[in-house]
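A.B. asks: turn this into a model:
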Amino acid sequence: MTDPTTLAARLSGAPDLYASLRALGAAAGPGAVELLPALLQGCDDATRARLASVDQGLLRAVLRKGAGGPAIPHAPSLRRALAGTAVRPLFLPEIAQSPTIALLTSGEHPDMPAFSDRAFDRWFTAKGVRYGLGSYGERRSVYATAQFADAASPERRTVHTGIDVFAPAGTPLSAPLPGTVLHVTYNADPLDYGHTLIIAHELDGIPFNTLYGHLAGTLPGLLHPGQTVKAGQLIGHLGDWHENGGWAAHVHFQIMSDMLEQTGGNFFGVGHHSLWDVWQDICPDPNLLMRLPPDQFTVKAAP
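C.D. replies: Numbering: from 1, shown residues only. Got it, this is the predicted structure:
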C-alpha cells in the first residue's frame, strides 16, 4: 500500500477531490477507506476544509469504489435480496396496471412545464393518465444550480437517485415492505422534500432504508419515529404545493443501502454524474421494489 503522506500530497489543490479520491483508492487497493483520516491529516488546510465540508460516508464510498470494491460493502447482496422478496404496491390501483406517462425532462415533452411550475398541473391533467413517472438515473438540468453543489468538486449533482410518481394531491401511499419508522421530518427549504418519511428495513440480515419525499401534512399524524410499519400499511399521502417543497404532487421514492452520515431526516435525492457507479451502490434502483415494466419509463411515439 502506498504511503498515506504520498497519497495525501496528490489531493492538495486538486479541483475535483472526488476524482482524486477515486484514483487514490485505486493506488491504495483494498483497505483504502482506512486511510481517510491520514489523508485528511496529510493534505493542506484548504483541501482538508473542502473534504471536511462534505459527507464523510460519501468520501469512504468513493475510496472503496476506486479500490475496486462496491461503494457500500453490502450493496450487491442487498440488490439480490430486494429482487427476490415479496412486496406490496405503493399505490392502488397498481401503477403497472394503470395508464401512465413517462415524464422525462430532456426535451421528450417540449410543451411540459417544469415540475416546480404550477402550470404543470393543468398539463398533466390533460394527459388523461392516472400516474406520471420520473426515472431513476435521469440526468436533469434543473439540478445544475448552486443548491446541488459542494466544495469537493465543481460538478453539480444532477442524476436522479429515486423514482418519482406523480398523481393528484392526497393520493394515499402504502409501505412496500415492513419496517420501523426512522424519521418523520419537514424539510422546509424551497424545492426540498417538504414532509419526508424514512423507514428502516432489514432483509436477510441486510439493513437498508426507504425514503418518501414530498408528502402531505397528514404524515405526522400517521406515523412517528420508532413505530412499526407493516407491508401494505398506509404511510402517507401525496402533498400539495404548499406542503411538499413547492412541487407538483408526487412522491420521490428512494432506496438507501447506507445513510452515510446523514442523520437529520433528509438524504441526497440526486448524485454526481461522474460518480454514478458510486451512487448506484448507495441508492439502488427503486424499481427493484416497484417492479414496473421498463417501457413505462419511456416516451411512446405518437400513433
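A.B. asks: can you show me the helices along the stretch 201-303 of the chain?
C.D. replies: 219-222, 276-282, 287-290 (DSSP state H, counting those that start in this stretch).
A.B. asks: just to be sure, residue 6 is in a strand?
C.D. replies: No - counting by DSSP: H, G, I helix; E, B strand; the rest coil, residue 6 is located in no strand; its state is helix.
A.B. asks: for the helices of the stretch 201-303 of the chain, which one sits closest to residue 161?
C.D. replies: Closest to residue 161 of the helices of the stretch 201-303 of the chain, according to Cβ to Cβ: helix 276-282, at 5.8 Å. C-betas here are computed from N, CA, C, even on glycine.
A.B. asks: tell me the buried residues in the closest one?
C.D. replies: 278-282 (16 or more other Cβ atoms under 10 Å).
A.B. asks: ditto for stretch 70-89
C.D. replies: In stretch 70-89, counting by 16+ other Cβ under 10 Å, buried: 70-72, 74-75, 78-79, 81-82, 88-89.
A.B. asks: worst-scoring helix or strand of the protein, pLDDT-wise?
C.D. replies: Lowest by mean pLDDT, DSSP states H and E among the helices and strands of the chain is helix 4-11, with a mean of 82.
A.B. asks: any chance you could list what contacts that one?
C.D. replies: The contact list for helix 4-11 (Cβ atoms under 8 Å, 6 or more residues apart in numbering) reads 17, 20-21, 23-24, 27-28, 35, 38-43, 47, 51.
A.B. asks: what's the first helix or strand after that helix?
C.D. replies: Under the assignment DSSP states H and E, the closest C-terminal helix or strand after helix 4-11 is helix 17-28.
A.B. asks: pull the CA atoms of that following helix into CSV?
C.D. replies: Coordinates of each C-alpha in helix 17-28 appear next as CSV, following Å, rounded to 0.1, in the frame of the first residue of the first chain:
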residue,chain,number,x,y,z
LEU,A,17,-11.4,15.8,-5.0
TYR,A,18,-13.8,13.0,-5.7
ALA,A,19,-11.9,12.1,-8.9
SER,A,20,-8.6,12.3,-6.9
LEU,A,21,-10.0,10.1,-4.1
ARG,A,22,-11.1,7.5,-6.7
ALA,A,23,-7.6,7.5,-8.1
LEU,A,24,-6.1,7.2,-4.6
GLY,A,25,-8.4,4.3,-3.9
ALA,A,26,-7.1,2.5,-7.0
ALA,A,27,-3.5,3.2,-5.9
ALA,A,28,-4.0,2.1,-2.3
